[in-house]
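> got a sequence here, can you build the structure:
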Amino acid sequence: MNIRNQWPVLPIVAGLASGLLAGCGTETGGSGGNDSNVVMGMSDDVLATDPASGYDPGSWLLFNNVFQSLLSFPKGGTEPQPEAAEECSFTGTETKVYRCTLKDGLKFSNGAALTSKDVKFSFDRMLKINDDAGPAIMFPTLDKVETPDEKTVVFKLNTPDATFPSKIASGAGSIVDHRQYEAGRLREDGRAVGSGPYKLESFNDDEAVFSVNEHYKGTADIQNGGVTLKFFHGDQAGLKKAVQEGDVDIAYRGLTADDIADIEQGGPSSGVDIVEGNSAEVQHLVFNMDDPVAGKLGVRKAIAHLIDREALIRDVHQGTATPLYSIVPAGIAGHNTAFFDAYGAHPDKARAQAALRADGITGKVKLTLWSTPSRYGPATDDELAAIAKQLNASGLFDAEMRSVPFEQYEKDIAAGKYGVYVKGWVPDYPDADNFTAPFFGKDNVLGNNYTNRAITGSLIPSTAAQSDRSATDKDYGRIQDIVAEDVPMLPVWQGKQYAVVRDGVYGLEYCLDASTVFRFWELSKG
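Residues are numbered from 1 along each chain as shown. Predicted coordinates:
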C-alpha cells in the first residue's frame, strides 16, 4: 500500500485553567522553506471569505491560513496553544472569565496594527450578524468582550465553558481588521484582510491565490512561497486527472474510494503518493423522533442490530473509513464503544426481531432512507442503498434509498418530512463537547426532535464547566450510553483523511489530523 505516513492524534490534556503560554522556536513565524509555489486542487467549494459567514470545510481552510486566532492547534495536537496571544487563561475558580494578552507588534496583511479592539470587533460582529451559515452558533455562552487596554482582551461568559479556548482556536475565532469590515454586514467582494501566515491575493470561481504575509507574527514556520488553490466544483474525475498529469501538486478532499484504490495500484512509478492521516469526521443515520415509523424505539433498535458497518467500509468505502460505535469518535478523549456494547458488530436478526415485537410490530417495516448525493461524501447514496439492502436481507424491513439535492434535503429535514436520514459532521474543535452539545437541545444541528433532560440539563453543562478535560470522561461516557439506549442517531463510520501528492512535494503529513486544520505553511516542493 503506497501510503507515506499515518500520524497519531495526541490526547487532550488537562490544564486549560492554568493558562496557555507562548513557547519558543518558531515564535516569530516567517518563511523557513523555499520560494516554490504549491498548487492544490480541491473538489469542495469555498463558500465564504468572510469568517462571520463560512461554516464549511472549504471556508475554514481559507480562514485557518489567512486569519489568525488568539490560539491555534499545533500539528498533531488537540490542545490549543497561543497564536496571536502571548498568553490566555481563565481567571477565578469558575470557567466564566477568559483573559488573553496579545503579542507585541501584531499587524494585518495590509500593515495596519492589530489590537484588542480588532479582537472585540471580530467577535461582536460575528454575533451581531449571526449569519445562518456562520459560526455564531458556537458561542451561546459568550456574554460580552471587554478590552481594558490595547493588548488585553477579556471574554465574559454567561455560563462556565471550559471548551471556550478550543472554540476560539478554530476558524470561528478569526480576527478581522475593524477598518476593513462593516460591523453589521458581511463582506461580499471575495477579499479578505487577516493577520495569518498568508494573504489572499485573489479569489474567483476557479481558484484562490495566496501569497506569504510579510507582516505575519505567529507560530507558523512557512515552507513555501505561496499556494494556489484550484476549485473543481465536485468534478472528482477532473481532480484525479489533474494530479496524475501534474496540473496540481496535491489533490485534497473529494476523491472517491475507487480513485484512491486506482491510484494505489499505480505504485511508486506513477509519480504520485497517497498520504493518509487521522480524521474525526463522522457520519450518522439520524431518526426523526416524531415520525410514525422511525419514532418507534423498536424500529430504531432493530436497525442498530442489523447494520453491518464492516461490510459498508469494505464494499462501499473500500477501507477509507473505520466503523464507528459511538457518537464521540476514536482519538477524542471520552470516547467509548456504547453501540458495540449494546448491539454488537454483526447483524443479529433474532435480536432485531425481538426489538420490533417488544414494540408491537409483527409485519415488515416499510422505510425510506433519505440521502443527498455529495454533501457528506461521494459514496453517500451507495452507502444508504447498501444499508437498505442489509435491512431487507433480514426479511424484517421493506426499505429503499431516495436521494435529493442538498438544498431541498435541508428544507425537508427542517419541515420534518423524513423519518431516517444521513448527517455528516466535521468537528469545529477536537473535544468531545463538539460531538455532543451541537446534537442535543433546542436548535440542534440534527433537527430530529430528540430531547433528554439528563443530557441537556445536567451532563452537557457539567462537562462544559470542567476545566480538567480528563475529568469529563465519566459524564461523556454516560451521554454515549444514553444515546445508545434511546437511539436518536446511529453512528456509522469515522473517516480517514486522504490526499494525493506528486513526488517532490512534502509536508502533507502535518496537514491531516483531528484538529481539521490544513496548514498551508507546512507544504514544500523539492
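> would you confirm that Leu459 contacts Arg478?
Yes. Applying C-beta atoms under 8 Å, one finds Leu459 in contact with Arg478, separated by 5.9 Å. Every residue, glycine included, has its C-beta placed from N, CA and C.
> just confirm Gln353 is within a helix.
Yes. The assignment for Gln353 (DSSP: H, G, I helix; E, B strand; the rest coil) places it in a helix.
> just the helices in the stretch 301-450 of the chain please.
For the stretch 301-450 of the chain, the helices defined by DSSP state H, counting those that start in this stretch cover 309-315, 338-343, 349-358, 380-393, 406-414.
> try the stretch 1-150 of the chain
Ranges of helices in the stretch 1-150 of the chain, per DSSP H, counting those that start in this stretch, are 57-66, 116-129.
> gap between the first one and the chain center?
The reference is to helix 57-66. In terms of C-alpha atoms, centre = their mean, to the nearest Å, the centre of helix 57-66 is found 12 Å from the chain centre.
> thinking again about what came up before, Leu459 and Arg478: which is more packed in?
Leu459 (23 against 17; other C-beta atoms under 10 Å).
> torsion angles phi and psi at that one?
The phi and psi values for Leu459, taken as degrees, to the nearest 10, are phi -70, psi -50.
> so who does it touch?
475-476, 478-479 (C-beta atoms under 8 Å, 6 or more residues apart in numbering).
> which of those residues tops the neighbour count?
When neighbours are taken as other C-beta under 10 Å, the top entry among the contacts of Leu459 is Ile479 (29 neighbours).
> quickly list what Ser524 is bridged to.
Beta-bridge pairing for Ser524 (DSSP bridges): Tyr506.
> could you list the residues in contact with stretch 145-157?
For stretch 145-157, the external contacting residues (C-beta under 8 Å, 6+ apart) are 70, 95-102, 104, 115-117, 119-120, 123-124, 141-144, 164, 168.
> just the CA trace of that stretch, in CSV.
Only the C-alpha atoms of stretch 145-157 are listed here, as CSV (Å, rounded to 0.1, in the frame of the first residue of the first chain):
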residue,chain,number,x,y,z
VAL,A,145,-16.0,41.1,25.3
GLU,A,146,-14.0,43.8,27.2
THR,A,147,-10.7,45.5,26.3
PRO,A,148,-9.1,47.1,29.3
ASP,A,149,-6.1,48.2,27.1
GLU,A,150,-4.8,47.7,23.6
LYS,A,151,-3.2,44.3,24.4
THR,A,152,-5.8,42.8,26.7
VAL,A,153,-9.0,41.0,25.8
VAL,A,154,-11.4,39.7,28.4
PHE,A,155,-14.2,37.3,27.5
LYS,A,156,-17.1,37.3,29.9
LEU,A,157,-19.2,34.1,29.7
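> between the helices of the stretch 1-150 of the chain, which one is nearest to Asp443?
Among the helices of the stretch 1-150 of the chain, the nearest to Asp443 by C-beta to C-beta is helix 116-129 (15.2 Å).
> just how off-centre is that closest one within its chain?
With C-alpha atoms, centre = their mean, you get 23 Å for helix 116-129.
> quick one: average pLDDT of that helix?
If you average the pLDDT over helix 116-129, you get 98.
> and it, which residues are buried?
Using 16 or more other C-beta atoms under 10 Å as the test for burial, helix 116-129 gives 116, 118-127, 129.
> identify, from those, the entry nearest to Val227.
Of the buried residues of helix 116-129, the one sitting nearest to Val227 (C-beta to C-beta) turns out to be Ser122, at 23.7 Å.
> residues in contact with that closest one?
So Ser122 contacts 51, 174-176, 178 (C-beta under 8 Å, 6+ apart).
> which of the contacts of stretch 145-157 count as buried?
Neighbour-count burial (16+ other C-beta under 10 Å) is assigned, among the contacts of stretch 145-157, to 70, 95-96, 98-102, 115-116, 119-120, 123-124, 141-142, 164, 168.
> so what strands line up beside the helix or strand where Tyr498 lies?
Element membership of Tyr498 [criterion: DSSP states H and E] is strand 497-502. Applying DSSP bridges, strand 497-502 is found paired with strand 250-252 (antiparallel), strand 272-277 (antiparallel).
> avg pLDDT for it?
Across strand 497-502, the average pLDDT comes to 91.
> now it, how far from the centre of its chain.
18 Å.
> okay, it in PDB with CA atoms only?
Extracted C-alpha coordinates of strand 497-502, given in PDB (Å, rounded to 0.1, in the frame of the first residue of the first chain):
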ATOM      1  CA  GLN A 497      -8.200  11.800   5.600                       C
ATOM      2  CA  TYR A 498      -6.500  11.200   2.300                       C
ATOM      3  CA  ALA A 499      -4.600  13.500   0.000                       C
ATOM      4  CA  VAL A 500      -2.800  12.600  -3.200                       C
ATOM      5  CA  VAL A 501       0.500  14.300  -3.700                       C
ATOM      6  CA  ARG A 502       3.000  14.300  -6.500                       C
END
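> that's all I had, so thanks and see you.
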